[in-house]
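> with the input below, show me the fold.
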Amino acid sequence: MAEAIVLGGEIKPNKVGIVPCNGEEICEGTITRFACRKVLEKLRPANTVTICLPLFIAGGKGEKEFAQKFPTITVDGCEKRCSQKSTERLSGKPRESIVVTELLKERGIGHPESRRALTEEGKAAMDIVADEIVKKVDEILQKG
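Numbering: from 1, shown residues only. Next comes the predicted model:
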C-alpha cells in the first residue's frame, strides 16, 4: 500500500490513483486505456497506480481503501463519465476528472477512427491525454 509523506507538518500523498474507464465501444475508450498505461509505465511509474474500475465496482477491498485514502484522477472516454460517477459513489469525489472527448475537442483534435489499434491520429490524441494526466498528477503531488 502507498504511503503519504509528511513535509513541514503537512501530509502529502506520494501516489495518485488513476481510474480509467473501460469503454471499449468507443475510440476514446481505447485512447483512455493507452494513455493511462503510458503514464503508469513510462511517465510517472513511481507516483501512480491504476484502480481497476470493474474490480472497484465489484467491491475490491484494495481499490476502495486506496481511493478513500489517496487522491484519484478519473479518465473517462465520453460524457457518460462512468469512471467519475462510480468513484464518487464508492469512495468520494475524485481530485481531478478528465473526459477525453471534451479534452480532444478543446485541443481541436477530431474524432479518432479505430477502436482496436491507434492510428497516427490516435497516437497523437493518446499523447495529449497522457500529458494532461501527468499535469494533474504533478499538481496533486505538489499541492498535497
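> which other residues reach stretch 107-115?
Residues from elsewhere that reach stretch 107-115, judged by Cβ atoms under 8 Å, 6 or more residues apart in numbering: 24-31, 104, 118-119, 121-122, 124-125, 128. C-betas here are computed from N, CA, C, even on glycine.
> repeat that for 6 Å
Under the criterion Cβ atoms under 6 Å, 6 or more residues apart in numbering, residues 27, 30, 121-122, 125, 128 lie in contact with stretch 107-115.
> just the ones in helices from those, please.
Counting by DSSP state H, those place 27, 30, 121-122, 125, 128 in helices.
> what about stretch 82-100, average pLDDT?
Per-residue pLDDT values across stretch 82-100 average out to 96.
> for it, which outside residues touch it?
19, 21, 28, 31-32, 53, 57, 64, 67-68, 71-77, 129, 132, 136, 140.
> so what's the gap between that stretch and the chain middle?
9 Å (Cα atoms, centre = their mean, to the nearest Å).
> so which bits of that stretch are buried?
For stretch 82-100, the buried set under the neighbour-count rule, 16 or more other Cβ atoms under 10 Å, comprises 82-84, 86-87, 90-91, 94-100.
> now the helices for the protein?
Going by DSSP H, the chain shows helices at 27-38, 53-57, 61-69, 82-91, 100-106, 120-143.
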